[in-house]
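Asks: here is a sequence together with a model predicted from it:
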Amino acid sequence: MINFTITNALKKLKNKEISSVELTKAYLARIKKLEPKINAFVTVTENEAIEEARKADKKRAAGSDSPLLGIPLSIKDNFSTKGIRTTASSRVLDDYIPPFDATVVKKLKNAGAVILGKTNMDAWAHGSSTETSDYGSTKNPWDTDYLPGGSSGGGAASVASDETIAAIGSETAGSIRQPASWCGVVGLKPTYGRVSRYGVVAMGSSLDSPGPITKSVTDAAILLQVLAGSDPYDATTSPLPIPDYLKNINKNIRGLKIGISDDYFDGVDNEVKEKVEDAIQVLEKLGAKTKNIKLIHPKYSIAVYTIIQRAEVSSNLARFDGIRYGNDRSYFGDEAKRRIMLGTYTLSAGYYDAYYNKAMKVRTAIINDFNKAFNNVDVIIGPTSPTTALKVGASKDQSMFGELQDMLVEPSSLAGLSGVNVPVGFSKAGLPIGMDIIGPQLGEEIILNTAYKYEQETNWNKIKPKL
Amino acid sequence: MNKYTPVIGLETHVELKTSSKMFCGCAANYFGKQPNSQTCPVCLGLPGALPVPNKKAIDWCIKISLSLNCKINMFSKFDRKNYFYPDLSKGYQISQYDLPFGHNGHITLSNGNRIRIRRVHMEEDTGKLIHDGEISLIDFNRSGVPLVEIVTEPDFHDAKDVKEYLQKLRQAVRYLDVADADMEKGDMRLEPNISLRDKQQETSNILPNYKVEVKNINSFKFVEKAVNYEIKRQTEILDKNEVPPQETRGWDEIQQKTFSQRSKEDAMDYRYFPEPDIPPITFTDTQIAELKSQIPELPDAKRKRFEAEYKLTEYDAEILTREKNLADYFENTVKVGQDYKINPKQIANTIINKKPNIENILPATLVKIIVKAGQTDAMDEKKLQKVVKEVLTQNTKAVEEYLGGKENALMFLLGQAMKKLGKVDASQVKQLLVKMIK
């Protein structure tokens, strides 16, 4: 049984206890064994991975010590990978091979990472179940009758099932944190603009944030360190300097002010509520102070998010016209078609002001609301998802499935905030529960610090699914 | 007597000559290049590629706006214009909707008519479709080339004004050195919209209830023809008490007429919304002042200065200021000429009449040529008088006829003189003949 974090794998690589080729082959073997059950990958790049691992071993022998040298990772299938098929789990792009690497992929490669393959997702990242994938649904490693969440469901499942050391996902609203919550792993959604979107098949352009899904908070910090920073190819990246994310991760949280909004516990499963409340108590024992705050009710974010994201989707998917590459429009699934129609409608003459323009105004109100809240608190904590993982098939015929599942993370996504899902225990049925630690824009240091301190006290991440 | 007043507005697209494209690093000069040799994921619109705006292009768009007396939107942004066409790689064009860089400017024509500029905005060009029998090919070298669109108010009333406006606009962008505005290369594309107003409603200032747009014309002459054709066509329809349909038409140069392309029913809904991939742009007063300071003296100002400073006629000054290069050459030559006591008028005459190749002949060289020509002229003056005197004494009959009122006789005398003189300025000889007869 292999069970590595980036931290301990790097240690073993440095001490020559293991080579990257051995490590990579072990993960490829596990992928081969578990994939029939989990279906976390759309494409496994076995040959390329072994080749890259070999190179990494050579580099290490030559004295190189780049931050991810020889570490096998999985990457969501909406990140462009040069020479490797990139489908975004849609048959429209069934045979699309990008001629360039996404900035995130380039950075991972430069840091020495080995790419095991491309993980499954909701087609075009439209959903929170991974059931809308054209390559079959991914199953939750904790119970394969259940969904892994989504859209980065393949990534979260690949981490939870130890098919990889860590995964790279992307979140528009919930797509990292929600599957991380359902699969019992750490999922970090960085501030919008902290990590480059260049080369990520666009979904909601004003929201998309690539980020890591890992087995530990430290691993998330290590990956963010590699991924973060301004990109000359993405005009929306922040030019502000990147802090050392590991430096303050173990800082004392005595006096940390945690904001709690009752509205974020509205309609949440009791089991989930209890576990998150327990987790907050753990933080209080470490010296954190809680404070009740009032925020705009998350239900309003559903409407705002739906309008803005569908509008952007309708425009972003226009290029897939079947003229130059890919398959024609008949290959779009129902969910993509629904989003294209709704987005087209809300942007149409005569409707723009009533929908898109109004949504943008409420979005500004939500941003201001959070800014005000962060004047008084350091982080805001709530459940990541109102439920534990739902059964396979639950999203069928539910056109608003994702929006209801992601209600609690949509407000912070609309405001471009940072947030991290941390496992806080299990339901009686044995399904993972997660809490969402939300920080202000560029607040990654404080949320990682909070998450790390909690993780050190509890070690939920040491419990593994039986596979 | 015409019952209608034409109401004409104009949209003009000018391609900028920046070295790179609007949103990526690809070379922008696509003319004559191997198809699709100047492309990248961004201008091909590949999944995940993102636009990063070209600062120089934005600066130049601001300069064009300022030179057209526009106000600048200090807070501006890009928008997506969504429509489908195979040459549009992303399925939308990045353009500007409600906050164009420049707005509310004007150009004043020589007859004093002021044409108001509604807006000056920045956008990207599309690829090019090449149809070859059954096959259609796309060349994306032009995709993403910076394009500035200049839109006027419907202030023109005839094709002549439209043409002059276009000449002035072209002159301005060339003076700014931001565009070649070479019509043959498609650097400038023109779209007039034309309708007719009943003269009885003249004072009401209400626009006609229809508008005909003629799309994508690439020559000033064709615009003139298309406008005149439309005035005639619409007059005929209105005379029948009908209203011309609101539509988009094209210009057919072979048949010399416009033809219907798209009717109002098929009017596009572009579903504009703010481009989320590019943050809004805020300008400071200092930035705008800096750009303003970089704007050279523009043609109208230069022409007026030439008239005042060098005592040139309006005609001469206009010719010399048509192109900035020529105006600069003239002024440099004047500077050198001062040392030789050559007056600017002489230099202007030489440049206008002799049309020296200003790329090869240095101003100093031209001055030397003028000085030398002056000496030759002085020498020839004596020879000229001698020859003319000879001709007059040898052809007394013709002289009498001329004095009797027969103009032709003078031409005969001129011919005789020219025969003896060879290659000289005939007008000078003619003047001398007249003078000496009297």
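Replies: Received, thanks.
Asks: now do the helix or strand A:Q178 falls within: which elements does it pack against?
Replies: According to DSSP states H and E, A:Q178 maps onto helix A:177-183. Applying 3 or more C-beta pairs under 8 Å, 6 or more residues apart in numbering or on different chains; DSSP states H and E, one finds that helix A:177-183 contacts helix A:153-160, strand A:186-189, strand A:418-426, strand A:432-439. All C-beta atoms are positioned from the backbone trio N, CA, C, and that covers glycine.
Asks: to B:I254, which of the ones you listed lies closest?
Replies: helix A:153-160 (59.0 Å; C-beta to C-beta).
Asks: check what pLDDT B:N408 gets.
Replies: pLDDT, B:N408: 85.
Asks: got it, and A:Y27?
Replies: Value for A:Y27, per-residue pLDDT: 98.
Asks: find the closest residue to chain A in chain B.
Replies: Relative to chain A, the nearest point of chain B is B:G91 (2.5 Å; C-beta to the nearest C-beta).
Asks: residue contacts, that residue?
Replies: Going by C-beta atoms under 8 Å, 6 or more residues apart in numbering or on different chains, B:G91 touches A:315, A:317-321, B:45, B:82-84.
Asks: for these, which one is nearest B:T396?
Replies: Within the contacts of B:G91, proximity to B:T396 (C-beta to C-beta) peaks at B:Y83, which comes in at 82.6 Å.
Asks: show me where the stretch 151-300 of chain A has strands.
Replies: A:166-171, A:186-189, A:209-214, A:257-260, A:289-292 (DSSP state E, counting those that start in this stretch).
Asks: in the sheet, which strands lie alongside the fourth one, parallel or antiparallel?
Replies: Read it as strand A:257-260. strand A:289-292 (parallel), strand A:379-383 (parallel) (DSSP bridges).
Asks: who's in contact with A:K391?
Replies: A:145-147.
Asks: from those residues, pick the one nearest chain B.
Replies: Of these, the one sitting nearest to chain B (C-beta to the nearest C-beta) turns out to be A:L147, at 25.9 Å.
Asks: for the closest one, which non-adjacent residue is closest in space?
Replies: A:S129 (4.8 Å; C-beta to C-beta, 6 or more residues apart in numbering or on different chains).
Asks: what's the burial count for the one you found?
Replies: 29 (other C-beta atoms under 10 Å in any protein chain shown).
Asks: ok, for the residue of chain A found nearest chain B, nearest residue in space, not its chain neighbours?
Replies: For chain A and chain B, the shortest gap (C-beta to the nearest C-beta) falls at A:A318, measuring 2.5 Å. Nearest residue to A:A318, sequence neighbours excluded (C-beta to C-beta, 6+ apart): B:G91, at 2.5 Å.
Asks: now the helices for chain A?
Replies: A:6-14, A:20-38, A:46-61, A:103-110, A:153-160, A:177-183, A:217-227, A:270-285, A:298-316, A:334-347, A:358-373, A:401-405, A:410-414, A:444-458 (DSSP state H).
Asks: where among the ones you listed is average confidence lowest?
Replies: Taking the mean pLDDT of those, helix A:401-405 comes last: a mean of 77.
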